[in-house]
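> below are the sequence and a predicted model for it; my questions follow.
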Amino acid sequence: MGFLLGVAYHRYSARWTGASGSYNGIGYQFSLFKFSLFSSSFEMLGVEAPLGYDFVIKRETRMDRLFRILGISSKSTVGNAEFDEQVYVVSDNYSMHQVLAAQPHLQQVIMNILYRQPVDGDIERIVCRHGRMWACIYGKATPAAEAVIVQRMIPALNKLGKGMEKYAGGLSPQRRDRINAMAVLFLFATSAILLNGSLSFAQPLLSSFFSDVDSVLRLSQTNLPQFAAVRG
């Protein structure tokens, strides 16, 4: 079920809609979700991107490093120690890695987006799917903050898209999935643990239920002759 939900999310996540705008001739869409409980917001700011790219670029976390140590995930590098240490490109498609390795200035564009953009919010990731590329931003939304985000993010996303367009269609799109067997094994192991836990939880309840049913049946068999004698 989780796998199917993940596939559905991946397929339809690029279909989000928002207010359309233009900055220096660059069209974009802006979508805002506000969380009143925490006085915060989640914003998506997107532009058109070349087809054929499918990736998530995000800040590397301790959890990402742990998954690599456990062999659950792998990471391809571009040959820049600072970039490779701080940025994680999540994709089964190798095209974006080749683009970044061939155009080092785009590595700097991404570093600026994720770590050095002076905006009122946390730029959590850059996503590209189905001809769209957008940044996900957590923060406190105000009209002034939104204007600053558009002013600083749209040129950066557009520059990244232009670099991708330069190599669109001329790259080796698919890299060998070296962790496929490990991922399948991990999926089966977690499913087995979940199933075992569910059965362990349900066994006492089922035993109690069938014991009660058996007791009722025995009681009815015992009382049935007496009931028939009374009626006769």
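In hand now; what should we look at? Residues are numbered from 1 along each chain as shown.

> now stretch 70-86 - C-alpha only, PDB.
Extracted C-alpha coordinates of stretch 70-86, given in PDB (Å, rounded to 0.1, in the frame of the first residue of the first chain):
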ATOM      1  CA  LEU A  70      23.200   0.700   5.900                       C
ATOM      2  CA  GLY A  71      23.200   0.100   2.200                       C
ATOM      3  CA  ILE A  72      19.600   1.200   1.800                       C
ATOM      4  CA  SER A  73      20.500   4.100  -0.600                       C
ATOM      5  CA  SER A  74      23.500   5.200  -2.700                       C
ATOM      6  CA  LYS A  75      24.800   8.500  -3.800                       C
ATOM      7  CA  SER A  76      26.500   9.700  -7.000                       C
ATOM      8  CA  THR A  77      28.900  12.600  -6.700                       C
ATOM      9  CA  VAL A  78      30.000  15.400  -9.100                       C
ATOM     10  CA  GLY A  79      33.600  15.800  -8.000                       C
ATOM     11  CA  ASN A  80      33.100  18.900  -5.900                       C
ATOM     12  CA  ALA A  81      33.900  18.100  -2.200                       C
ATOM     13  CA  GLU A  82      31.800  20.900  -0.800                       C
ATOM     14  CA  PHE A  83      28.800  20.200  -3.000                       C
ATOM     15  CA  ASP A  84      29.000  16.500  -2.600                       C
ATOM     16  CA  GLU A  85      29.200  16.800   1.200                       C
ATOM     17  CA  GLN A  86      26.200  19.200   1.600                       C
END
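
> which of the residues in that stretch are buried?
73, 78, 80, 83, 84 (16 or more other CB atoms under 10 Å). No exception for glycine: its C-beta is placed from N, CA and C like everyone else's.

> what is the nearest of those residues to residue 30?
Distance to residue 30, by CB to CB, is smallest for residue 83 among these, at 27.7 Å.

> go ahead and confirm that closest one touches residue 106.
No - look at residue 83 against residue 106 with CB atoms under 8 Å: they stay out of range, at 9.9 Å.

> hmm, back to that, need the buried residues of stretch 70-86 in TSV (columns: pLDDT).
Listed next are the buried residues of stretch 70-86 as TSV, based on pLDDT from 0 to 100:
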residue	pLDDT
73	74
78	87
80	90
83	93
84	91
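
> determine which two of these are furthest apart.
73 and 80 (20.1 Å).

> what about this structure, any weak spots by pLDDT?
1-15, 35-39, 117-121, 140-143, 168-188, 190, 196-232 (pLDDT under 70).
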